[in-house]
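Engineer: This is a predicted model, with the sequence first.
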Amino acid sequence: MAFGKNSGAGLELMPDVKKTLRNVFGFKDFRANQQEIVEAIVQGRDVFAAMPTGGGKSLCYQLPAAVMDGVAVVVSPLIALMKDQVDAAQELGLAAEFVNSTLSQEEFFGIMDRLDAGRLKLLYVSPERLNLEGFAARLKGVNISFFAIDEAHCLSEWGHDFRPDYLALSDLKKKFPSAHIAAFTATATKRVQQDIVKRLNLDEPFVLRASFDRPELTYRVIAKSSANQQITDIIKGHNGESGIIYRTSRKDVDSTATFLKKNGIKALAYHAGMTPQQRQKCQDSFKRDKVQVVVATIAFGMGIDKSDIRFVVHGDLPRSVEGYYQETGRAGRDGEASFCYLLFSRSDIFKIRYHIDNIIEPAAAQQAKSNLSTIVSFATKNVCRRKQLLAYFDEAYPQENCSGCDVCLDEVETEDAGTNARIFMSAMARTEQRFGIVHIIDIVRGANTEKIRKFDHHNIKTYGARKSYSKQYWSALADELIGQGCIFQNPDRFNALQLTEKGVEVLYGRKDFFMTKFVEPKSAAAKAVKKHQAKEVNPQAQALFEHLRAVRKEIADQKNLPPFVIFSNKTLKEMAEIAPRTEAELLTISGIGEKKLESYGAIFLAAVREYQ
Ligand code: ADP
Ligand code: ZN
């Protein structure tokens with residue numbers, strides 16, 4: 001081991017580290033927390049780091065690997081992810097390889113030879129591979145700088161991606177007593193953190209919990225009506241940018257994907273019912289910008305390291321805030337402004353409740369119920385969405401206004417709906433609180449149904465009192481009455497609507513009732529998506545950006561790599577803005593280091609030149 005725990009070598013090394021940051025990675029500065037983590041690893045400490053997606057975790061172990069003696073062994077759960085990471089590291093000029101079941105024997109032996117000869121800086125392995133006796137024995141003969149455990153939450157049963165094969169990593173300290181371990185995760189809960197530290201037997205680790213705020217994400221909740229049409233509106237508002245559409249059921253995944261294709265959008269479906277090959281193909285097409293959107297169940301997740309996802313739409317209510325945070329977190333990894341839309345309808349709550357009723361284990365059912373109630377609050381409370389998300393992870397958000405959610409942007413207007421609420425609740429009271437939402441709406445809208453005739457409900461006072469309001473309006477009003485605790489659906493009485501004490505107060509005019517201003521849902525999605533387009537763009541830079549993108553795509557296709565591995569969108573945008581003429585100018589752009597300059601400098605300088 002080059003640097004012992006107390007050697008203090010890290011500080012002397014910092015100039016080296018800074019230089020590597022600039023020359024190899026092409027970055028001028030560390031992002032928040034990266035420097036501390038890099039220092040701790042270089043100084044030979046165990047590390048636990050929880051950072052949000054896009055926080056820049058890879059650099060935290062790739063940089064130490066580059067400057068330390070020996071090879072860093074990176075444990076990574078997904079084969080597809082491993083390949084991207086290695087491709088990206090090699091593009092930076094780092095000696096990186098991976099070992100997993102996809103290698104031929106010949107490739108494997110080649111890599112092992114280079115490993116033995118001390119010519120590798122980074123070796124990515126799957127947990128299964130590390131668990132093989134023979135492989136572990138082989139590693140013992142190698143100078144290992146440290147182990148990095150990526151997606152370390154896979155070790156914890158409390159996390160959302162538990163993987164039994166990760167459990168064997170608990171032995172790592174036994175098998176390699178002098179090795180240091182750095183564990184990384186984007187999961188924010190403290191319970192998972194404690195679990196990871198314990199399972200890996202980390203020795204007085206340097207613990208870093210970054211803020212989980214994602215300032216580049218804007219959150220919006222939209223009243224759901226015709227989901228497929230609304231999703232189409234949102235995608236069309238995003239002019240060819242990449243996005244993910246989450247739907248709960250496979251059936252809805254398929255129906256939405258079909259709908260989008262009919263409307264001329266390049267979309268693919270993704271769910272666990274497809275074969276691994278089909279799923280792999282779908283991921284690849286998305287990564288390589290061959291399709292604009294993937295419509296998926298939550299099975300589509302961890303393997304997605306595409307950095308330029310600009311929007312995520314939830315077509316249905318997610319089951320937990322944690323899930324929602326992770327799924328929306330896949331947007332904006334490159335730090336560029338990105339948008340999250342949640343289509344919300346109260347009827348989704350009942351679908352989730354139905355699933356919960358089928359959970360046998362009481363503790364799990366209880367957990368699912370509490371998850372549901374927090375996500376419902378998130379969607380319905382008129383409180384900053386960001387504040388609510390961070391509160392879930394025990395993080396306080398210091399600002400009054402986040403400027404990045406529909407509540408703070410003042411898009412959620414409220415209106416006095418006292419009169420209509422009274423009409424609605426009066427219809428409930430006059431029918432002895434024995435009927436459900438649909439029937440009460442029929443009464444106030446003056447519908448002529450068999451049920452109304454049968455019960456003589458066309459004779460009650462509020463019958464047809466408000467014909468001019470749409471069914472969607474009334475159902476939104478009923479949602480709000482439920483949400484604000486004025487009425488509830490009684491499951492013991494076939495979901496009949498019943499008044500609460502608070503409802504009675506409103507009914508007799510002793511209390512006001514305000515609701516979120518109702519916008520006909522058809523225009524709601526279009527309206528929301530327009531907001532993000534308002535920002536100014538420089539048309540010339542935009543055109544050059546598109547050109548550079550095409551150049552990048554061509555190189556990527558030729559090299560069979562995802563485009564973002566060549567240059568991120570952020571790098572291309574900066575390039576389009578400054579339109580560099582010299583290599584020195586290129587080097588000032590974030591994401592261009594020496595190796596990338598050597599590989600692509602000439603091509604991109606020419607591309608800029610020919611465009612002017
Ligand atoms: P994570 O694994 O934490 O989700 P990544 O390691 O994929 O995040 O990094 C996200 C993006 O941020 C990548 O495009 C990466 O190149 C970029 N990045 C990382 N560190 C820096 C930095 N110090 N300066 C600028 N960009 C950075
Ligand atoms: Zn806010």
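Structural biologist: Received, thanks. Ligands and ions are numbered 1, 2, ... in the order given.

Engineer: which residue of the protein sits farthest from its center?
Structural biologist: Residue farthest from the centre of the chain, counting by C-alpha atoms, centre = their mean, is Asn459 at 52.5 Å.

Engineer: Kindly provide the distance from it to ligand 1.
Structural biologist: 63 Å (C-beta to the nearest ligand atom, to the nearest Å). From N, CA and C alone the C-beta is placed, and that goes for glycine too.

Engineer: looking at it, Arg434 is touching Asn490, isn't it?
Structural biologist: No - contact between Arg434 and Asn490 fails when scored by C-beta atoms under 8 Å: they sit 9.7 Å apart.

Engineer: What are the structural domain limits within the protein?
Structural biologist: As given by automatic domain parsing, the domain ranges for the chain are 7-209, 217-392, 414-516, 539-611.

Engineer: now the second one: mean pLDDT?
Structural biologist: Put plainly, it is domain 217-392. For domain 217-392, mean pLDDT is 92.

Engineer: got it, and the first one?
Structural biologist: In this model, domain 7-209 carries a mean pLDDT of 90.

Engineer: next one: the shortest one
Structural biologist: When pLDDT is averaged along domain 539-611, the result is 92.

Engineer: How about it and ligand 1, any contact?
Structural biologist: Yes - interface with ligand 1: domain 539-611 contributes Ser568, Ser590 (C-beta under 6 Å from any ligand atom).

Engineer: quick one: terminal-to-terminal distance for that domain?
Structural biologist: Domain 539-611 has an end-to-end distance of 13 Å (criterion: C-alpha to C-alpha, to the nearest Å).

Engineer: contacting residues around whatever residue of the stretch 401-550 of the chain ends up closest to ligand 1?
Structural biologist: Proximity of the stretch 401-550 of the chain to ligand 1 (C-beta to the nearest ligand atom) peaks at Arg549, 15.7 Å away. Arg549 makes contacts with Pro563, Asn569, Leu572, as judged by C-beta atoms under 8 Å, 6 or more residues apart in numbering.

Engineer: can you list these in TSV and add neighbour count?
Structural biologist: Below are the contacts of Arg549 laid out as TSV (neighbours: other C-beta atoms under 10 Å):
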residue	neighbour count
Pro563	22
Asn569	22
Leu572	25
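
Engineer: What residues does the protein have near ligand 2?
Structural biologist: Cys384, Arg386, Cys402, Cys405, Cys408 (C-beta under 5 Å from the ion).

Engineer: which of the residues you listed sit farthest apart?
Structural biologist: Spanning the widest gap among the residues of the chain next to ligand 2 are Arg386 and Cys408, at 7.7 Å by C-beta to C-beta.

Engineer: Restrict the helix or strand containing Arg453 to CA atoms and write it as PDB.
Structural biologist: Using DSSP states H and E, Arg453 falls within helix 450-454. The C-alpha coordinates for helix 450-454 follow below in PDB (Å, rounded to 0.1, in the frame of the first residue of the first chain):
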ATOM      1  CA  GLU A 450     -81.300   4.800 -14.000                       C
ATOM      2  CA  LYS A 451     -80.000   5.000 -10.500                       C
ATOM      3  CA  ILE A 452     -81.200   8.600 -10.200                       C
ATOM      4  CA  ARG A 453     -84.700   7.700 -11.400                       C
ATOM      5  CA  LYS A 454     -84.800   4.600  -9.100                       C
END
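
Engineer: Could you tell me which other helices and strands that helix packs against?
Structural biologist: helix 437-444 (3 or more C-beta pairs under 8 Å, 6 or more residues apart in numbering; DSSP states H and E).

Engineer: what's the spacing between the helix it packs on and its chain's center?
Structural biologist: A distance of 39 Å separates the centroid of the chain from that of helix 437-444, by C-alpha atoms, centre = their mean, to the nearest Å.

Engineer: which residues touch the residue nearest the centre of the chain?
Structural biologist: In the chain, the residue lying closest to the centroid (C-alpha atoms, centre = their mean) is Gly329, at 2.4 Å. Applying C-beta under 8 Å, 6+ apart, we find Gly329 in contact with Pro52, Thr53, Gly54, Ala186, Arg214, Leu217.
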